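Novice: Take a look and give me a structure for this.
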Amino acid sequence: MKEMLIVLLLSSLMLIYGCSDDSSPVDQEPSPEELEAIVIQNSLKVIQAAEAFAAENDGLYPKSVSSDTTLTGNTLIDFLPDGILLINPYTKDRTEPRDMTLEEDEVCEIIDYGLNRGETGYVPYGGFSDHPVCYLVCGHGADSLIIEVSNVDEVEDIVISNCLIVMAAVEEFASQNRGVYPDDINRDTTPAGDTVIDFLPEHVLLINPFTTLPTEPQNGWVNTPGETGYVANYAIGVTNGYIVMGVGRCAGLEIFIDGKIPSP
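Specialist: Numbers count the residues shown, from 1 in each chain. As a prediction, the model looks like this:
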């Protein structure tokens, strides 16, 4: 779906602005609209290249457009048209995209990426492996950003999926434990000796999509991106409910909170 959307966007831009019309006079200067359309095209091509890179690299993205390589030795630039940098339509130089970085505390802020006219920035973030799990691509028009696209929503969807899987496992635990929920998801067992982890897919911890590590769920309230937390609810000495929460791209950003808390 993502690849089809990008192709449709590129086709629409070409039809609207005529950026690919070879019959145009060679000495005719592009209009402001055509220049910005090229910036958008460049940004979409970088997104395509980033996705192609990840497809060859176990789903992980590069930290740098020119130095990091896939498992088969390709850089992000190798996946651009003809395997070369794109042209900045304002300067006519083949310089795009440009490497950019974000600190962890900047990920959730609206910031100025420091781009100039016609520049396209590639911003990797998230993950503690050799390559990040998220990226942001942005393009600068004549005087402002005109496109900003990230895949972080897809990564957060995995966090939400993890939370739903944990809830199902907790409910299965309770169904085999006389309706009593666990205090501790790692140690408490059903009469048959199963923990909540035993009711997860393949009986193993889930992957935190932001770190790529098998660490979820965790006991207690959580605060780190990608974590899934389990909190037991007590009443008259019995665990009769629970809350499951999930953290998104930013520390403390709850993107999922649900569970079963009996009425008083």
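Novice: Let me see the contact set for S144.
Specialist: Contacts for S144 (C-beta atoms under 8 Å, 6 or more residues apart in numbering) come out as none. The C-beta positions use only the backbone N, C-alpha and C, and glycine is treated the same way.
Novice: any idea how far it is from I38?
Specialist: When C-beta to C-beta, to the nearest Å is applied, the distance between S144 and I38 equals 16 Å.
Novice: Look at D58 and give its secondary structure.
Specialist: When the structure is reduced to helix, strand and coil (DSSP: H, G, I helix; E, B strand; the rest coil), D58 reads as coil.
Novice: and the closest residue to it other than its chain neighbours, what does it touch?
Specialist: Leaving aside its sequence neighbours, D58 sits nearest to L71 (C-beta to C-beta, 6 or more residues apart in numbering; 7.1 Å). Contacts for L71 (C-beta under 8 Å, 6+ apart) come out as 56-58.
Novice: Are any of the residues you listed buried, and if so which?
Specialist: Neighbour-count burial within these applies to 56-57; the criterion is 16 or more other C-beta atoms under 10 Å.
Novice: Serialize the contacts of L71 to CSV and add fields for distance to N177 and pLDDT.
Specialist: Written out in CSV, the entries for the contacts of L71 read as follows (distance: C-beta to C-beta, whole Å; pLDDT from 0 to 100):
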residue, distance to N177, pLDDT
E56, 45, 95
N57, 42, 92
D58, 38, 88
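Novice: Which residues are in contact with N186?
Specialist: 195-197, 219.
Novice: And D194, by the same measure?
Specialist: Listed by C-beta under 8 Å, 6+ apart, the contact set of D194 reads 173, 176.
Novice: In three-state terms, how would it be classified?
Specialist: Per three-state DSSP, the local secondary structure of D194 is coil.
Novice: if I look at it, how far off is R187?
Specialist: Taking C-beta to C-beta, one finds D194 at 12 Å from R187.
Novice: now the strands for the stretch 151-264 of the chain?
Specialist: Listed in chain order, the strands of the stretch 151-264 of the chain (DSSP state E, counting those that start in this stretch) span residues 206-208, 213-216, 218-219, 228-235, 238-247, 254-260.
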